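Trainee: when you get a sec, could you give me coordinates for this:
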Amino acid sequence: MTLPHPPGDPSKNEEFLRRLVEHERWLAAYIYSLLARPEDAEDVLQECKILMWKLFDRFEPGTNFRAWARTIALNQILNFRRSEKRRPFTAVEGEFIEAVAAEIERRSDHLDQKTEVLRRCLRKLPTAHRSLVVWRYFDGCGVDEIAARSERSAEAVYRLLSRIRQSLNECIQRQLAAAKETA
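Mentor: Sure thing, here's the model as predicted:
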């Protein structure tokens, strides 16, 4: 589908696409978690993307794109539920959707923080250890393949991965505790 260009600077269109691609999986998960039927969620997701694109001139650079997108998505979900002909929409249901959305937002922010801390801790690992983590958890390699790549026994790889996980967990806990103290 080709969309007409919204009024404004073409670089804004590029910025919108960059931000949408960065947050698209999160946005889809958010919408799918608040609607019972996948086909309804897909419809709302598409409408939400179109509306976000149309309203992007109103987005203020430097502010939280995810929070902006979440507000638009929540309004689209509530509008969808109000207009749905199959079931009546009650105020209680709207309040429930908003409460669930707030909890998702709270947990999402916490996961974002943990993800950033994990990235920092991964960068602190020695290169060889970081390679093992990438092979195992990002490339999906089995222990035997990692053993062959790293010229270690499978047993040695299991032990090393266990120590790396423990080290990462300790690093994450230290950084989260330090962040709490400064907050």
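
Trainee: alpha carbons only for contacts and neighbour counts from here, please
Mentor: Will do.

Trainee: OK, contacts around Leu35?
Mentor: Residues near Leu35 by Cα atoms under 8 Å, 6 or more residues apart in numbering: 41, 77.

Trainee: switch to numbering from 871
Mentor: With the count now opening at 871, the last piece we talked about shows up as Leu905.

Trainee: what separation do you get for it and Leu948?
Mentor: In this view, Leu905 and Leu948 are 10 Å apart by Cα to Cα, to the nearest Å.

Trainee: same question for Ile1016.
Mentor: Ile1016 is 48 Å from Leu948, by Cα to Cα.

Trainee: domain parsing for this protein?
Mentor: 871-977, 995-1053 (automatic domain parsing).

Trainee: make a markdown table out of those and add mean pLDDT and distance to Thr985.
Mentor: Listed next are the domains of the chain as a markdown table, based on pLDDT from 0 to 100; distance: least, Cα to Cα, whole Å:
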| stretch | mean pLDDT | distance to Thr985 |
| --- | --- | --- |
| domain 871-977 | 79 | 12 |
| domain 995-1053 | 90 | 9 |
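
Trainee: and the strand or helix carrying Leu890, what does it pack onto?
Mentor: In this assignment (DSSP states H and E), Leu890 forms part of helix 880-904. Applying 3 or more Cα pairs under 8 Å, 6 or more residues apart in numbering; DSSP states H and E, we find helix 880-904 packed against helix 908-925, helix 935-953, helix 961-994.

Trainee: and the angle from the first one to helix 935-953?
Mentor: Our comparison of helix 908-925 with helix 935-953, counting by axes from the mean of the first three to the mean of the last three Cα atoms, to 10 degrees, yields an angle of 120 degrees.

Trainee: which strands and helices lie in contact with helix 908-925?
Mentor: Here helix 908-925 touches helix 880-904, helix 935-953, going by 3+ Cα pairs under 8 Å, 6+ apart.

Trainee: quick one: which of those helices is nearest Glu1021?
Mentor: For those, distance to Glu1021 was read as Cα to Cα. The smallest value, 36.5 Å, belongs to helix 880-904.

Trainee: tell me the angle of the closest one relative to helix 935-953?
Mentor: In terms of direction (the same axes, to 10 degrees), helix 880-904 departs from helix 935-953 by 50 degrees.
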